[in-house]
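Undergrad: Give me the fold of what follows.
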Amino acid sequence: IFKFLGAISVDLGNERIKPYLPTILTPLYRELNSNYAEQDPTLKNLSQEIIELLKKLVGLEAFSLAFSSVQKQANQKRAMRKKQRALQTVANPDIAARRKLKRHKNKAETRKRKIESLRPMHQAKRHRSHSLKDLAMVE
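TA: Alright, predicted model coming up:
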């Protein structure tokens, strides 16, 4: 898709690409600013190359205006999601508590996997399943 965006921008030329510049820059900016663990470095390099190409094509001033608007929009979206999450915590405490428990459980599992990878002979303790115990009528 990034190659397609680059080809379209070169094909359209300087003047006809300017209205579409923020639309083209949005996925490129997202790829440049992403910080997830399994990120493909070739995608990051390709997005950087296309940004440089666009900079040369439309000029620094027009590019800077479009890029800053994309940055501002991304920051607003991020702030809005954060605000929504905070409001949901207050409005629905049970959902927030479930999310927190899930996060803690995932954190513990990650810690166990990390210990297991560092020390293969060491077996982390596994929680026993209490499903049969819960089903039994114990008083």
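
Undergrad: shaky segments in the chain?
TA: 37, 122-139 (pLDDT under 70).

Undergrad: can we see that at 80?
TA: 35-40, 120-139 (pLDDT under 80).

Undergrad: What segments of it are helices?
TA: Under the criterion DSSP state H, the chain carries helices at the ranges 2-12, 14-17, 21-33, 41-58, 60-91, 93-118, 131-135.

Undergrad: Now mean neighbour count too, for the ones you listed, in JSON lines please.
TA: For glycine as for every other residue, the C-beta is placed from the backbone atoms N, C-alpha and C. Below are the helices of the chain laid out as JSON lines (neighbours: other CB atoms under 10 Å):
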{"stretch": "helix 2-12", "mean neighbour count": "14"}
{"stretch": "helix 14-17", "mean neighbour count": "12"}
{"stretch": "helix 21-33", "mean neighbour count": "17"}
{"stretch": "helix 41-58", "mean neighbour count": "15"}
{"stretch": "helix 60-91", "mean neighbour count": "12"}
{"stretch": "helix 93-118", "mean neighbour count": "11"}
{"stretch": "helix 131-135", "mean neighbour count": "8"}
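
Undergrad: and the gap between Leu32 and Val10?
TA: In this view, Leu32 and Val10 are 20 Å apart by CB to CB, to the nearest Å.

Undergrad: Over to Asn35?
TA: 29 Å.

Undergrad: what's the answer for Leu57, then?
TA: For Leu57 relative to Val10 (CB to CB), the value is 7 Å.

Undergrad: ditto for Ala62
TA: 16 Å.

Undergrad: How about Ile115?
TA: For Ile115 relative to Val10 (CB to CB), the value is 51 Å.

Undergrad: do Thr89 as well
TA: Taking CB to CB, one finds Thr89 at 47 Å from Val10.

Undergrad: swap in Lys56?
TA: 10 Å.
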